[in-house]
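Enquirer: give me coordinates for this.
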Amino acid sequence: MNSAAPEQVTTPEVRTLAERVFQQLQDAIVRGELAPGSKITEPGLSRSFGISRGPLREAMRRLEAHRLIERVPHVGARVVKLSMKELLELFDVREALESMAARLAAENMTAAEIAGLRDVLALHERQADLRRGEAYYQREGDLDFHFRIVQGSHNKMLTGMLCDDLYYLVRLYRTQFSASGTRPQRAFVEHHRIVDAIEAGDAELAELLMRRHVSASRANVVERYAATLTPHVTSTTQG
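Expert: Next up, the predicted model:
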């Protein structure tokens, strides 16, 4: 029975190429090299990366699934840009769910998982930019402190929401607006305290510390996000 049409079959070579392009575009968006709200086109990206439309479309579908790009009627695809209201809503959800994840991690994380979390912090501490107090860039997945704690909750539904559905969008705003300035060193200290509570099996304290941590990040991100809107408002007034 030939239920799959030939054009639906993706070769390993195409998948590998699409994966590489996806990773490059994702990194460029998270780091702000592709600015929020900026329009992106398949012909432009095809020229930039020197690839055919097939792998590019697959990469863009993944970016859209991860909420890093959105398709706007009569405009096309563009890098996601949340309004202030949407950003606040995102952090409200993150505060509630990640504090729950920390509580569950204190109850369920194994000694090996906690040791792995310590290793991640030790790796972060060796980052030259963090040591200079300039930034705190957490790489994706297992090298991401927050990702590890959510995984350590051992709650599949919570993991799906935070590590699949919201992860890339949260990471984008966390990286662009709270990974530099005076926040990195404070965040790093807060991370250590959260791990201490998890290792002690103090679920209530772990939940409280994570809630405070995300709340502090929220306030910092909102302040920095608002600052990016100021030049636009000023120029409109003067114009």
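Enquirer: for stretch 26-37, C-alpha coordinates in CSV please.
Expert: C-alpha atoms of stretch 26-37 as CSV (Å, rounded to 0.1, in the frame of the first residue of the first chain):
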residue,chain,number,x,y,z
GLN,A,26,18.0,29.0,16.2
ASP,A,27,21.3,30.3,17.6
ALA,A,28,21.2,33.5,15.5
ILE,A,29,17.6,34.2,16.8
VAL,A,30,18.4,33.4,20.4
ARG,A,31,21.5,35.6,20.4
GLY,A,32,19.7,38.4,18.7
GLU,A,33,21.7,38.3,15.5
LEU,A,34,18.3,38.0,13.7
ALA,A,35,16.4,40.8,15.4
PRO,A,36,13.0,40.2,17.0
GLY,A,37,10.3,41.2,14.5
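Enquirer: what does it contact?
Expert: With contacts defined as Cβ atoms under 8 Å, 6 or more residues apart in numbering, stretch 26-37 is touched by 25, 40, 63, 66, 68-69, 78-82, 168, 171-172, 175-176. Where C-beta positions appear, they are placed from N, C-alpha and C, glycine not excepted.
Enquirer: try it again with 7 Å
Expert: Stretch 26-37 has contacts (Cβ atoms under 7 Å, 6 or more residues apart in numbering) with Ile40, Leu63, Leu68, Arg78, Val79, Val80, Lys81, Tyr168, Arg171, Leu172, Thr175, Gln176.
Enquirer: now render the residues you listed as a markdown table, adding secondary structure and neighbour count.
Expert: Converted to a markdown table, the contacts of stretch 26-37 look like this (DSSP: H, G, I helix; E, B strand; the rest coil; neighbours: other Cβ atoms under 10 Å):
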| residue | secondary structure | neighbour count |
| --- | --- | --- |
| Ile40 | strand | 18 |
| Leu63 | helix | 22 |
| Leu68 | coil | 23 |
| Arg78 | strand | 18 |
| Val79 | strand | 21 |
| Val80 | coil | 19 |
| Lys81 | coil | 12 |
| Tyr168 | helix | 20 |
| Arg171 | helix | 23 |
| Leu172 | helix | 22 |
| Thr175 | helix | 19 |
| Gln176 | helix | 19 |
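Enquirer: pull the helix or strand with minimum mean pLDDT from this protein.
Expert: helix 128-131 (a mean of 53; mean pLDDT, DSSP states H and E).
Enquirer: next secondary structure element downstream of it?
Expert: helix 145-152 (DSSP states H and E).
Enquirer: same for that next one, what does it pack against?
Expert: Packing contacts for helix 145-152, counted by 3 or more Cβ pairs under 7 Å, 6 or more residues apart in numbering; DSSP states H and E, involve helix 84-108, helix 111-125, helix 156-159.
Enquirer: got the angle for that helix vs helix 84-108?
Expert: When axes from the mean of the first three to the mean of the last three Cα atoms, to 10 degrees is applied, the directions of helix 145-152 and helix 84-108 differ by 50 degrees.
Enquirer: burial check on the residue nearest to Leu17 when sequence neighbours are not counted, number of neighbours?
Expert: Residue nearest to Leu17 in three dimensions, not counting chain neighbours: Pro55, with 4.2 Å by Cβ to Cβ, 6 or more residues apart in numbering. Pro55 sits with 23 neighbouring residues when counted by other Cβ atoms under 10 Å.
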